[in-house]
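Undergrad: Got a predicted structure here, sequence first:
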Amino acid sequence: MRELIAGGIGVISGILLFGFTSIAAAVYSMHLREVGYSGEFGLYLSALWEVGIVPIILSLIFFFLGLRFLFKATDREWRAKYFLVEEEKSASDKEA
């Protein structure tokens with residue numbers, strides 16, 4: 001249960017951080033249009049670079065760690081629900 005909650009929080013926080021960073025870059029790109037931006041990267045990527053790459057990296061880390069926790073928790077529940085039932089049935093069939 002603890003892994004399920006941690007996974008959900010990780011996924012949601014990763015999505016929110018990525019979304020807010022993207023919104024900040026979009027808002028800042030309007031300012032960069034007046035000031036000037038790198039022609040190599042374009043307007044949005046220049047704004048994203050100015051806002052920072054660290055929030056994007058942190059959001060990806062949170063998202064993938066959250067997915068890992070979610071898959072681990074659901075895998076454990078799935079195994080407990082289906083595989084232990086099969087073992088109990090096969091053990092009772094052997095006794096009979």
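TA: Great, that's in hand.
Undergrad: switch to C-alpha atoms for all contacts and neighbour counts from now on
TA: Will do.
Undergrad: Show me the shaky parts of the protein.
TA: Applying pLDDT under 70 to the chain flags residues 84-96.
Undergrad: can you rerun that using 80?
TA: The model of the chain has pLDDT under 80 over residues 37-39, 77, 79-96.
Undergrad: List the buried residues for the host helix or strand of residue 3?
TA: Residue 3 belongs to helix 2-35 when assigned by DSSP states H and E. Residues of helix 2-35 classed as buried: 3-4, 6-15, 17-18, 21-22, 25-26, 28-29, 32 (neighbour count, 16 or more other Cα atoms under 10 Å).
Undergrad: and what of stretch 43-57?
TA: Going by 16+ other Cα under 10 Å, stretch 43-57 has these buried residues: 43, 44, 45, 46, 47, 48, 51, 55, 56.
Undergrad: Quick one: residues contacting the residue lying closest to residue 33 once chain neighbours are set aside.
TA: Excluding the flanking residues, the one nearest residue 33 by Cα to Cα, 6 or more residues apart in numbering is residue 43, at 7.1 Å. Residues near residue 43 by Cα atoms under 8 Å, 6 or more residues apart in numbering: 29, 32, 33, 37.
Undergrad: spatially speaking, which residue is in the middle of the protein?
TA: The centre of the chain sits closest to residue 63, judged by Cα atoms, centre = their mean, with a distance of 1.5 Å.
Undergrad: from what I can see that one touches residue 13, true?
TA: Yes. Here residue 63 lies in contact with residue 13, judged by Cα atoms under 8 Å, at a distance of 7.3 Å.
Undergrad: circling back: can you name the element that comes right after the helix holding residue 3?
TA: Next along from helix 2-35, by DSSP H and E: helix 43-51.
Undergrad: Give me the distance from that following helix to the chain's centre.
TA: Centroid separation for helix 43-51 versus its chain: 22 Å, with Cα atoms, centre = their mean, to the nearest Å.
Undergrad: So what touches the very next helix or strand once past it?
TA: Using DSSP H and E, the helix or strand that directly follows helix 43-51 along the chain is helix 54-78. With Cα under 8 Å, 6+ apart as the contact definition, helix 54-78 has outside contacts at 1, 3-4, 6-18, 21.
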